[in-house]
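Undergrad: here's a sequence, model it:
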Amino acid sequence: MSFSWIAFTLLAALSQSWRNAFQSKLSKDLSVAGTTLARFIFASPLALMYLIALYQWQSAPMPKFSGEFCFYIIGAAVMQIIATGLMVLLFKLENYAIGAGLAKCEAPVSAVLGVLFFGTVLTFTGWIGVLLGTLGVLLLSSSSGWRRLSLKTLLLGVSCSSAFALTSLWIREASLSLQLPFPFSAAWVLFLVILLQTLLITAYLLVKERHTLAAMYVRPKLVIMTSLTSVIGSLGWFSAMSLQTVPYVKTLGQVEIIFMIFISYFWLSQRISSKEILALVLLSLAAILVMWQ
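TA: Prediction:
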C-alpha cells in the first residue's frame, strides 16, 4: 500500500510538469479561463472511460452520494478554480518568483489545516520532511529578494496555498466518505470533480467569452494533450490522497520541481546554480522522509 501512494504521486508530479508546459503555450493565445478549461474539457470523458473500465475489470457496488459527499465535491471543485485564479494574480505581480513559491507551500498549510480540522496525524519525521520540502521550494523562489515582499503578495500567496490545500483535503474526505474500495472511490471523485469544473468554466465562457471557445477549437492537439496530461495527473493525485494523508502526498509531489530542473538542464542545456543544487538536496531529503512513513 505504501508503494502505491508513492507511485501515484510520482506519476502525478511528472504529468503535471508536462501539463504546465502545454498550458504555458496555450496561455499565449487563450484567456485565463480558456487555458483553465483546456485542463478539463477532454478530461471528463477520459475520467468516465477510466471509471467504466474499472467496473468492467472488477465488480464493485455503486456509490451512495450523501450530503456530506456532495459538499466535499462541490467545495473541492470550486476551491480549485479559486486557487487557480489566485495563482494567476500572483504570476502578474512583480514578485513572480516569490509569489510562485508561496503558492506552492501547500504541504505545510495542508499539514496545519489537516491536524486542526481533519484529524490528520503526522509523525515527527513527517513534520521534518514537510518543513524541508517547504524550505526547498522557498529557496528556489528567493531570487527576487524576500525583503521586497509586499503584504499583498504575502496575503495572496497564503490564500492561494490555503485554497489548494483545502481542495486536496476535501478531495481526500470525499473519497473516504464514499466507503468504496480503492480505486473506485478515487475514480468517482475524479470524474465528478472534473465534470463539475468543466460545466462551471464552460458556462462562464458561454456567457462572457464565446470567442475563447472558438479559439480552443483551432488548437485541438495542444488542448487534447493538456487535458490528457491533466487527467493523468489528477488520477495520480486523487489516488494517492485516497491512500495517504495530504501533507505527505504534497511533500513528495514537490519532486515536480526536480523534474523541471532536470528537464531544463538536460534538454535546454541550462546551468544549475548552487542554490538550485541545495534546493534539490532539501527536496530529495523531504521526499525520502515522507516515503518512510
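Undergrad: give the buried residues for the helix or strand where A240 lies.
TA: Using DSSP states H and E, A240 sits in helix 220-243. Residues 222-223, 225-243 are the ones in helix 220-243 that count as buried (16 or more other C-beta atoms under 10 Å). Quick note: C-beta positions are derived from backbone N, CA and C, even for glycine.
Undergrad: tell me how far that helix lies from the chain's centre.
TA: 10 Å (C-alpha atoms, centre = their mean, to the nearest Å).
Undergrad: tell me the mean pLDDT for it?
TA: Mean pLDDT, computed over helix 220-243, is 92.
Undergrad: list the helices and strands that helix packs on?
TA: If you count contacts as 3 or more C-beta pairs under 8 Å, 6 or more residues apart in numbering; DSSP states H and E, helix 220-243 packs onto helix 2-26, helix 43-57, helix 151-177, helix 184-208, helix 246-253.
Undergrad: 7 Å instead?
TA: Judged by 3 or more C-beta pairs under 7 Å, 6 or more residues apart in numbering; DSSP states H and E, helix 220-243 is in contact with helix 2-26, helix 43-57, helix 151-177, helix 184-208.
Undergrad: which one of these lies closest to A76?
TA: If you check each of these against A76 by C-beta to C-beta, helix 151-177 wins as the nearest, at 4.1 Å.
Undergrad: what is the mean pLDDT for the closest one?
TA: 88.
Undergrad: quick one, phi/psi of the residue lying farthest from the centre of the chain?
TA: What lies farthest from the middle of the chain is S59; by C-alpha atoms, centre = their mean that is 29.7 Å. S59 adopts backbone torsions of phi -80, psi 140, taken as degrees, to the nearest 10.
Undergrad: likewise V121?
TA: Main-chain torsions, V121, degrees, to the nearest 10: phi -120, psi 120.
Undergrad: what's the weakest-modelled helix or strand in this structure?
TA: Here the helix or strand of the chain ranked lowest by mean pLDDT, DSSP states H and E is helix 96-103, holding a mean of 58.
Undergrad: could you pull out the buried residues of the helix or strand following that helix?
TA: Sequence-wise, the next helix or strand downstream of helix 96-103 (DSSP H and E) is helix 106-117. Buried residues in helix 106-117, counting neighbours by 16+ other C-beta under 10 Å, are found at 106-111, 113-114.
Undergrad: now do stretch 250-259
TA: For stretch 250-259, by 16+ other C-beta under 10 Å, it's 250-258.
Undergrad: what does it rub up against?
TA: Residues outside stretch 250-259 that contact it (C-beta atoms under 7 Å, 6 or more residues apart in numbering) are 6, 9-10, 12-14, 16-17, 106-107, 110, 129-130, 133, 136-137, 140, 168, 280, 283, 286-287, 290-291.
Undergrad: C-alpha coordinates for it, PDB please?
TA: This file holds the C-alpha atoms of stretch 250-259, laid out as PDB (Å, rounded to 0.1, in the frame of the first residue of the first chain):
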ATOM      1  CA  LYS A 250       2.000  17.100  -1.400                       C
ATOM      2  CA  THR A 251       5.500  17.000   0.100                       C
ATOM      3  CA  LEU A 252       6.500  14.100  -2.100                       C
ATOM      4  CA  GLY A 253       4.800  15.800  -5.000                       C
ATOM      5  CA  GLN A 254       7.300  18.600  -4.800                       C
ATOM      6  CA  VAL A 255       9.600  16.400  -6.800                       C
ATOM      7  CA  GLU A 256       7.800  18.000  -9.700                       C
ATOM      8  CA  ILE A 257      10.300  20.900  -9.300                       C
ATOM      9  CA  ILE A 258      13.200  18.400  -9.500                       C
ATOM     10  CA  PHE A 259      11.700  17.100 -12.800                       C
END
